[in-house]
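Student: Need coordinates for the below:
(chains A and B)
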Amino acid sequence: MQSIRGTKDILPLEISSWHALEHTIRLLTAQYGYQEIRTPIMEYAEVFKRSVGEETDIVGKEMYTFPDRGGDALTLRPESTASVVRAAIQHNLTAQQQIARLYYVGPFFRYERPQKGRQRQFHQFGCELMGAATPEADVEILTLAHDLMISLGIQSYQLQLNTLATPSVRQQFKASLVEYFSAFQSELSEDSKSRLISNPLRILDSKHPGDKALSVQAPSLLNMLDNESKDHFDAVLSMLDGLGIPYSLNPRLVRGLDYYSHTVFEITSTSLGSQDALGGGGRYDHLFEHFGGKHTPCIGFGFGMERLLIAQAAENTPEIQRKADVYVIGFETSESRSAVIRFAHTLRMNSKKSIITDVQNRSLKAQMKEADKLGIEHVIIIGPDEASSGTCIVKHLKTGMQYTKQQNNTDGLFEV
RNA sequence: GCGGGUGUAGCUCAGUGGUAGAGCAGCGGGUUGUGGCUCCGCUGGCCGCGGGUUCAAUCCCCGUCACUCGCCCCA
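Tutor: Here you go, the predicted structure:
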């Protein structure tokens, strides 16, 4: 038996880095006043089809969709924004012009060919700021994303920014792209030929050399911006400059989901290989209406947690963490070993220390070795002699100093 | 979904058409109750899985599964 393709067990050895990551996330989101939301792992397939877009890869070929026993088409969530918006409308979280600052952490599912940093079940952390259309809102989200990188010690990241303008400007832009590329249809890659119909913006993003060459002369959205789009984007950029947050403009940055407009961004890292995006996001001002809610401008991002951990591990040497604080050692006689069990239990009741004892009837030497390997701070020896005299030996492993103490008084046991 | 690579002890990897090795880890010991260094010894492997060729396959062929690199796309 094996785990399902593209799914992974997170083992004890790696769980501490997950805990640390989640801890950082909770601290940071609290600093910005974001609150957690936990939505179901399944939604009606409709939720994602309507929001993410029928033509996108996610909906077109990556969703885990299946009929339940009642015949409803359910989908294992491939991303979170759609679910969070659905929940926000259902529970009226943005009623009376309220701002909602939300974050989420959890598993997501996409049926894709696995690769490094790409699994069928993966985990995302994301934030959504709902109810504000201002460039200040964009900057809050971008700053949060930036701070996350800093908190995690990820230096090698790059923040790329672009604007997708308003839907109507983008529509004109698409039309001019189609017009331009249609003239060179025979020179386009197979992928881009189909993109010409499905999503012409994506041609700009192609890695195919021929496509790249053609893209150089292609119309630019930045030249077609209306005042609203331009003012908004410029305001975002100048605030980022003021904050000293580094970014680079990438006019080819096109997000794969239909619901974005205005500011879009991606954070990439060179330590990831081919799947180089740590996270991305953007403004989605019209998603609420798509779901039948009232107009609510929003911006948010999502980060791949596996990818964050990969990038983090590539740049930081992990600290060896202690698996327990105290090792209580007994040996040779049953009196010794049962005294150990009693004493360890007393200690656990009276202190917050984590305490380990041997359960394999091993020698003193073997237990000492294990204590050393576990990074234990104090060893307590209750051998046959100590067991009969009611004493114990407390030894500090780093210094090698040891003292004899009474078992019946655990106060100041670890002090000299 | 498409193309390439890999799959041998817990881990990192050697290896040969006649059913296997190293280093690390683990365990035990170095005179009788003390770890880290060192020395000695020991345990441990359906050589991914299924089929084929062969007297014989871990090694050759086919399939399959998983991982991995790239494409697509994204987190």
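Student: quick one: low-confidence parts of chain A?
Tutor: A:1, A:318-321, A:416 (pLDDT under 70).
Student: Can you mark which positions in the longest helix along it are buried?
Tutor: As assigned by DSSP state H, the longest helix anywhere in chain A is helix A:12-31. Buried residues in helix A:12-31, counted by 16 or more other Cβ atoms under 10 Å: A:17, A:20-21, A:24-25, A:28-29. (C-beta placed from N, C-alpha, C; glycine too.)
Student: how about these, which pair is most distant?
Tutor: A:17 and A:29 (18.6 Å; Cβ to Cβ).
Student: partner residues bridging residue A:125?
Tutor: Under the criterion DSSP bridges, residue A:125 forms beta bridges with residue A:105, residue A:303.
Student: what would the buried residues of helix A:12-31 look like in a markdown table with distance to residue A:70?
Tutor: Formatted as a markdown table, the buried residues of helix A:12-31 follow (distance: Cβ to Cβ, whole Å):
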| residue | distance to residue A:70 |
| --- | --- |
| A:17 | 41 |
| A:20 | 42 |
| A:21 | 38 |
| A:24 | 41 |
| A:25 | 36 |
| A:28 | 41 |
| A:29 | 37 |
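Student: Next, find the distance separating the closest residue to RNA strand B within the stretch 201-350 of chain A from residue A:85.
Tutor: For the stretch 201-350 of chain A, the residue closest to RNA strand B is residue A:256, as judged by Cβ to the nearest atom of the strand, at 0.9 Å. Distance, residue A:256 to residue A:85, by Cβ to Cβ, to the nearest Å: 17 Å.
Student: And for the most centrally placed residue in chain A, nearest residue in space, chain neighbours not counted?
Tutor: Computing the C-alpha centroid of chain A and ranking residues by Cα atoms, centre = their mean puts residue A:305 first, at 3.0 Å. Once flanking residues are discounted, residue A:305 sits nearest to residue A:123: 4.0 Å by Cβ to Cβ, 6 or more residues apart in numbering.
Student: for residue A:17, same thing?
Tutor: Using Cβ to Cβ, 6+ apart, the closest residue to residue A:17 is residue A:309 (5.7 Å).
Student: ok, how many other residues are close to the one you found?
Tutor: Using other Cβ atoms under 10 Å, residue A:309 has 19 neighbouring residues.
Student: Contact partners for it?
Tutor: A:14, A:17-18, A:21 (Cβ atoms under 8 Å, 6 or more residues apart in numbering).
Student: how about residue A:210, what does it touch?
Tutor: Counting by Cβ under 8 Å, 6+ apart, residue A:210 makes contact with A:187-189.
Student: right, and out of the residues you listed, which lies closest to RNA strand B?
Tutor: Of those, the one sitting nearest to RNA strand B (Cβ to the nearest atom of the strand) turns out to be residue A:189, at 7.7 Å.
Student: wait, the closest one sits on residue A:208?
Tutor: Yes. Applying Cβ atoms under 8 Å, one finds residue A:189 in contact with residue A:208, separated by 4.1 Å.
Student: Pull up the distance across stretch A:394-407, start to finish.
Tutor: 10 Å (Cα to Cα, to the nearest Å).
Student: Show me which residues of it are buried.
Tutor: Residues of stretch A:394-407 classed as buried by neighbour count (16+ other Cβ under 10 Å): A:394-395, A:397, A:405, A:407.
Student: Centre of the chain to that stretch, how far?
Tutor: Stretch A:394-407 sits 43 Å away from the centroid of its parent chain (Cα atoms, centre = their mean, to the nearest Å).
Student: quick revisit: who touches the helix or strand following the longest helix of chain A?
Tutor: Going down the chain from helix A:12-31, the next helix or strand is strand A:35-36, by DSSP states H and E. With contact meaning Cβ under 8 Å, 6+ apart, strand A:35-36 is reached by A:26, A:29, A:101-105.
Student: rerun that using 7 Å as the cut-off
Tutor: A:101-104 (Cβ atoms under 7 Å, 6 or more residues apart in numbering).
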